[in-house]
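Chemist: Sequence and computational prediction follow.
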Amino acid sequence: MSANIESDVWLNPKDDKLYVGHDAFSLSRERTFHALTVEPLVQAIDQANSANAMHVQNEESELFADLQASVAKDDAPWWNGFFSLGVGNTQPIQLMIDIKNNPHKSWQHVLKALDPLRERGYLTRYEYGKIIPGPILVVGTGATPVEELAAKHKRDVFYDCELTKLSGPGPKIGGEHYPWNATLCPIASTDFSKVTNDYKGIHEPTKKMNESISRLIHEAHERNIKTRFWDTPAWPVYARDRVNRMLLELGSDWINADDLEAIAYF
């Protein structure tokens, strides 16, 4: 089991704080990035590791340390993910941060805001060609400036590549091209309506459409990159379900959903 959380982040120049909302009209003083995104994740992963003897020293961990040691694997990570799948679970929560305005300044504020997770060692990291898993994988999307990520040899944030451009050249920074690969882009996304000529799911998809989507998914999977199609139909329900089923059958990795209860029973 895994989950993708997306936060639409706006930087308010009046107070230099990050707020969360689908658009600028849905913002409020209470809807800060810290309150709605960072702090709940801190609490969730802290709770999942409250008795983890490899992580904390308290009465709980002392009580269960011997049991944990008896079943631990040598190559298991020290952390327990939010979705407990047993010893050695390394499936992170994927946090996608959609930068909505003032990209470079917003991104610097985002990096600082992630400190409570970073200080606990909860963020998946990239270091000199190697991925070091953590219980949370942070991916910048929207207006996230790729030049702030691609050239770095050490970072704990990643990028959401454009799915339709993976076969083209990667970003050019300081005169050097950087490839689209899984160490930069664990996920690649694209606008479903654009790649399907605004297909609404009312009728069965054509063979040509299926082949086109399959080709995009295959190109990503060849690079070990997972795929996501956004702006998929949400209504009517049978059309939404038809599109979701089609994407799953064609091998796409993530399904977009606003109605969490409905997608849980899909």
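Modeler: Cool, the structure landed. Numbers count the residues shown, from 1 in each chain.
Chemist: Chain neighbours aside, what residue packs nearest to residue 129?
Modeler: residue 183 (6.7 Å; CB to CB, 6 or more residues apart in numbering). All C-beta atoms are positioned from the backbone trio N, CA, C, and that covers glycine.
Chemist: Could you pull up the residues touching the one you found?
Modeler: 126, 129, 131 (CB atoms under 8 Å, 6 or more residues apart in numbering).
Chemist: can you give me the helices for this protein?
Modeler: 33, 39-48, 59-71, 103-113, 115-119, 192-195, 207-222, 237-250, 260-264 (DSSP state H).
Chemist: right, so those: which one is the most enclosed?
Modeler: helix 33 (a mean of 23; mean count of other CB atoms under 10 Å).
Chemist: which secondary structure elements does that helix contact?
Modeler: Packed against helix 33, as judged by 3 or more CB pairs under 8 Å, 6 or more residues apart in numbering; DSSP states H and E, are the following elements: strand 17-20.
Chemist: what helices or strands is the strand it packs on leaning on?
Modeler: strand 4-12, helix 33, helix 103-113.
Chemist: Go through it and flag the buried ones.
Modeler: Buried residues in strand 17-20, counted by 16 or more other CB atoms under 10 Å: 18, 19, 20.
Chemist: what's the offset of it from the middle of its chain?
Modeler: Centroid separation between strand 17-20 and its chain, computed with CA atoms, centre = their mean, to the nearest Å, is 19 Å.
Chemist: same check, this time on stretch 162-175
Modeler: With CA atoms, centre = their mean, you get 20 Å for stretch 162-175.
Chemist: ok, now stretch 149-167?
Modeler: On CA atoms, centre = their mean, the centre of stretch 149-167 falls 12 Å from that of its chain.
Chemist: how far away is the closest residue to residue 165 other than its chain neighbours from residue 169?
Modeler: Distances taken as CB to CB, 6+ apart place residue 180 nearest to residue 165, at 7.3 Å, with adjacent residues excluded. Distance of residue 180 to residue 169, given as CB to CB, to the nearest Å: 9 Å.
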